[in-house]
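K.L.:
Here is my input; please provide its structure:
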Amino acid sequence: LMDTVKVIATILTPLEQALSKLEFNIALSEEKTLTFSEKFRIWIMNLSGKENTVRIIDIDIFDERISATRTVRLNLNEYMESTRKTMRIVGALSNKVSATTRKLESASEEAVLNFINKTIEDLHLIINKLDPINTYFRGEVGISHRNSIKGIRIEITTMKNTLIKANQKRHEYISRMEEIEQMKKLGVL
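P.N.:
The predicted structure is shown next:
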């Protein structure tokens with residue numbers, strides 16, 4: 001199980017790179033020319049002390065289970081914050097002396113397996129939304145900035161491959177445990 005945790009920890013670097021490129025692309029899309037009404041609305045928001053920080057976007061996500069694309073409303077701020085939270089957890093896994101790693105090393109196998117399952121699920125949700133978000137902001141960028149957009153496909157592919165390796169390790173462990181359980185039932189062990 002700890003090998004699976006080590007594999008999951010390697011996802012940190014491509015996730016950080018993808019997130020920084022995505023933030024760059026978002027900033028580029030916000031540089032587009034604002035209309036007078038948009039400028040006026042921002043000015044009023046600034047005067048009233050309210051920040052216009054909530055960004056809701058519609059993205060198209062391909063659902064592999066039903067082989068169809070569906071449109072999802074996404075609160076970009078919540079997505080970015082949950083991604084950063086997951087990054088902090090994964091970053092702690094890569095540090096052998098961190099409290100998270102020490103807790104996992106002393107935890108029961110079931111607790112470690114539950115942690116691995118939840119982390120893989122969280123990472124899968126993050127990765128599945130990265131490309132549609134990037135595609136959305138590519139469309140929002142003005143013509144003058146199109147050549148400046150940074151792609152994140154390589155990072156997404158690296159992260160997907162890492163999750164595949166982690167899933168393989170997790171399934172190997174589960175099958176070994178099931179095999180041992182069957183041997184115990186048969187009285188061999």
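K.L.:
The helix or strand containing residue 114: what's the following helix or strand?
P.N.:
Element membership for residue 114, per DSSP states H and E: helix 109-140. Moving toward the C-terminus from helix 109-140, the next helix or strand (DSSP H and E) is helix 153-186.
K.L.:
before we move on, back to that, helices or strands up against the helix holding residue 114?
P.N.:
Applying 3 or more Cβ pairs under 8 Å, 6 or more residues apart in numbering; DSSP states H and E, we find helix 109-140 packed against helix 2-9, helix 12-30, strand 56-63, helix 76-93, helix 99-106, helix 153-186. Backbone N, C-alpha and C define where each C-beta goes, glycine included.
K.L.:
at 6 Å what do you get?
P.N.:
The helices and strands touching helix 109-140, judged by 3 or more Cβ pairs under 6 Å, 6 or more residues apart in numbering; DSSP states H and E, are helix 12-30, strand 56-63, helix 153-186.
K.L.:
Nearest to residue 141, out of the ones you listed?
P.N.:
helix 12-30 (4.9 Å; Cβ to Cβ).
K.L.:
re the thing from before, could you dump the helices and strands packed on helix 109-140 to TSV with distance to residue 111?
P.N.:
TSV is the format used below for the helices and strands packed on helix 109-140 (distance: least, Cβ to Cβ, whole Å):
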stretch	distance to residue 111
helix 12-30	22
strand 56-63	31
helix 153-186	14
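K.L.:
Give me whichever of these is most buried.
P.N.:
Highest mean neighbour count of the helices and strands packed on helix 109-140: helix 12-30, a mean of 18 (counted as mean count of other Cβ atoms under 10 Å).
K.L.:
Please work out which residues outside that helix touch it.
P.N.:
Outside helix 12-30, the residues that touch it by Cβ atoms under 6 Å, 6 or more residues apart in numbering are 87, 90-91, 94, 130, 134, 137, 140-141, 145, 148-150, 152, 155, 158-159.
K.L.:
Return the distance of residue 156 relative to residue 61.
P.N.:
Separation of residue 156 from residue 61 (Cβ to Cβ, to the nearest Å): 13 Å.
K.L.:
and what of residue 69?
P.N.:
For residue 69 relative to residue 61 (Cβ to Cβ), the value is 7 Å.
K.L.:
cool, residue 111 as well?
P.N.:
Where residue 61 is concerned, residue 111 sits at a distance of 31 Å (Cβ to Cβ).
K.L.:
Check the secondary structure at residue 44 for me.
P.N.:
helix (DSSP: H, G, I helix; E, B strand; the rest coil).
K.L.:
Do you know the pLDDT at residue 33?
P.N.:
Residue 33 carries a pLDDT value of 58.
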